[in-house]
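Visitor: have a look; sequence and predicted model below, questions after that.
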Amino acid sequence: MKRRWVRWLPAAVVPVAIAAGVIVAPLAAGAADLPSKTPDDVLRLVAASDVKAFSGTVQQSSDLGLPSIPSTGPGAGSGSGSGDAASVIELLTGDHTAKVYVDGPSKQRVQVLDQLAERDVIRNGSDVWLYTSTGTKVTHVTLPDRSAVKSPDNVKTPDNVKTPDNVKTPDNRQPDPDATTGAATTPSQLAQRFLTAVDPSTSVTLGDPVKVAGRDAYDLVLTPKTDATLVGSVSIAVDGTTGIPLRVQVDARGQSTPAFEVGFSEFSTATPSASVFAFTPPKGATVTEQSPSGLGEKKAQAGTHQKPTVTGSGWDAIVSVPAGSVPADLTSSPLFGQLTTAVDGGRAFSTSLVSVLVTDDGRVFAGAVPVSALQAAAR
């Protein structure tokens, strides 16, 4: 149960890490005409999905109750910790659009579209490229054989949590750019994070069928059985033909609009052109070679990376890490002061979906719960 919750938490706070996602219109919705299915049927439809190639436009929007923090300015670039945090907040407080292209297990491209530029993650065979069009730096990673292949996760049906169905992990999902960047880049990837953690603390139902990106979809709804969590529900629109999740909406308790939403506004199962995955560094660009493990080393160097402790289980569980886990340059930055509020026992960062408490003695508590619950756990 505790390990399962550790998978819930990244899903609940995935807006912090998501690399895809500028929304210009509401995501398509409306009535759909589909054969009747049970929640278990739809879970099996997701598990059986075997589409190997697709492309589309992914739109992400957030309403997390966070202030608008500029990515540049005082404190935004003071040290690597604060600079990274500013980039995260820019993704959190704004709306974003990305083009996604997939052709099997070794060809993926995600283009995050900014106003006057784009950020790209490209995998073509063993080559992975990370590139920002406004800069002159390119990162290149050479993947060894099977380095990004992940073991299939398990999707648990609501009536059979002890004998879960094995999720068929289709080539269109794993490996993928998020294996390199640590971010969820499509609704499918985000949906998988939630579905792998379905357990008795969650009610799994179906809403009315919907249309997303012009396609008929089942509305799979995950609802916490406890009111101690900030999360009201998670809605996953599952394509009625392919079984691919087309949209994920995370509702915060008490909010009338989704706190976080990522979904396709355009979607096609046609195989993308091979030229989409070809990349040559621009003339004059500096190319940095990095090992696959090196992408995680930067995070490891930021703190002691000590093993977290989980208190409780399910949606209202709390994850804590010992003192020394948060890098000093982050907690001392002006941005940290802007984003957090002084509370009894430390400083708190809170959104409509997740709260984080950094205590005066350096411990960190986080969960999809109110700050008061974190304070109680810290005592």
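Guide: Structure's in. What do you need?

Visitor: Gly337: what secondary structure?
Guide: helix (DSSP: H, G, I helix; E, B strand; the rest coil).

Visitor: for Val234, grab the count of nearby residues.
Guide: For Val234, the tally of surrounding residues (other CB atoms under 10 Å) stands at 24. (Glycine included, C-beta is placed from N, CA and C.)

Visitor: correct me, but it touches Arg247?
Guide: No. Counting by CB atoms under 8 Å, Val234 stays clear of Arg247, with 11.1 Å between them.

Visitor: enumerate every residue touching Ser201.
Guide: The contact partners of Ser201, taken as CB atoms under 8 Å, 6 or more residues apart in numbering, are Pro224, Lys225, Thr226, Ser313, Gly314, Trp315.

Visitor: and if we set it to 6 Å?
Guide: Lys225, Gly314, Trp315 (CB atoms under 6 Å, 6 or more residues apart in numbering).

Visitor: tell me where the stretch 201-350 of the chain has helices.
Guide: In the stretch 201-350 of the chain, the segments counted as helices under DSSP state H, counting those that start in this stretch are 294-302, 328-331, 334-339.

Visitor: which one of those helices has the lowest average pLDDT?
Guide: Per-stretch mean pLDDT for the helices of the stretch 201-350 of the chain is lowest at helix 294-302 (a mean of 49).

Visitor: which residues does Val221 contact?
Guide: Per CB under 6 Å, 6+ apart, neighbours of Val221: Thr205, Gly207, Ser233, Ser235.

Visitor: quick one: it and Ala47, what's the gap?
Guide: Look at Val221 and Ala47: by CB to CB, to the nearest Å, they are 18 Å apart.

Visitor: where does this structure have low pLDDT?
Guide: 1-32, 67-94, 146-185, 293-305 (pLDDT under 70).

Visitor: mind giving me the domain ranges of it?
Guide: 2-296, 303-378 (automatic domain parsing).

Visitor: and stretch 328-337, end to end?
Guide: One end of stretch 328-337 to the other measures 13 Å (CA to CA, to the nearest Å).

Visitor: how close does the closest residue to Pro370 other than its chain neighbours get to Arg253?
Guide: Of all residues not flanking Pro370 in the chain, Ser355 sits nearest, at 6.2 Å (CB to CB, 6 or more residues apart in numbering). According to CB to CB, Ser355 stands 13 Å off from Arg253.

Visitor: between those two, which one's more packed in?
Guide: Neighbour totals were compared for Ser355 and Arg253, and Ser355 leads with 23 against 17 (other CB under 10 Å).

Visitor: tell me where the stretch 151-300 of the chain has strands.
Guide: 154-155, 165-166, 202-212, 215-224, 231-239, 245-252, 260-268, 286-290 (DSSP state E, counting those that start in this stretch).

Visitor: right, so those: which one is the most enclosed?
Guide: Highest mean neighbour count among these (mean count of other CB atoms under 10 Å): strand 245-252, with a mean of 26.

Visitor: pull up the pairing partners for that strand, direction included.
Guide: Sheet pairing for strand 245-252, assigned by DSSP bridges, gives strand 231-239 (antiparallel), strand 260-268 (antiparallel).

Visitor: that strand vs strand 202-212, what angle?
Guide: Interaxial angle of strand 245-252 relative to strand 202-212 (axes from the mean of the first three to the mean of the last three CA atoms, to 10 degrees): 120 degrees.

Visitor: give me the contacts around strand 245-252.
Guide: 187-188, 190-191, 212-213, 217, 230, 232-239, 258-264, 352-353.

Visitor: list the contacts of Met374.
Guide: Let me fix one detail, which is that residue 374 is Leu and not Met. Ser355, Leu357, Phe365.

Visitor: in a markdown table, list these along with secondary structure and distance to Leu43.
Guide: What follows is the contacts of Leu374, written out as a markdown table (DSSP: H, G, I helix; E, B strand; the rest coil; distance: CB to CB, whole Å):
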| residue | secondary structure | distance to Leu43 |
| --- | --- | --- |
| Ser355 | strand | 30 |
| Leu357 | strand | 35 |
| Phe365 | strand | 32 |
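
Visitor: what's the closest of those residues to Asp103?
Guide: Distance to Asp103, by CB to CB, is smallest for Ser355 among those, at 40.1 Å.

Visitor: go ahead and confirm that closest one touches Val371.
Guide: Yes. With contact defined as CB atoms under 6 Å, Ser355 reaches Val371; the gap is 4.8 Å.

Visitor: between the two ends of stretch 42-56, how far is it?
Guide: 22 Å.

Visitor: report the distance from it to the chain centre.
Guide: Computed by CA atoms, centre = their mean, to the nearest Å, the chain-centroid distance of stretch 42-56 equals 18 Å.

Visitor: identify each buried residue in it, please.
Guide: Using 16 or more other CB atoms under 10 Å as the test for burial, stretch 42-56 gives Val42, Leu43, Arg44, Leu45, Val46, Ala47, Ser49, Val51, Ala53, Phe54, Ser55, Gly56.

Visitor: doesn't Thr242 make contact with the fourth one?
Guide: No. Using CB under 6 Å as the test, Leu45 is too far from Thr242 to be in contact (8.8 Å).

Visitor: can I get the contacts of Ser201 in JSON lines including distance to Thr97?
Guide: Shown next, in JSON lines, are these (distance: CB to CB, whole Å):
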{"residue": "Lys225", "distance to Thr97": "35"}
{"residue": "Gly314", "distance to Thr97": "34"}
{"residue": "Trp315", "distance to Thr97": "30"}
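
Visitor: quick one: which of those residues has the most company?
Guide: Trp315 (26 neighbours).
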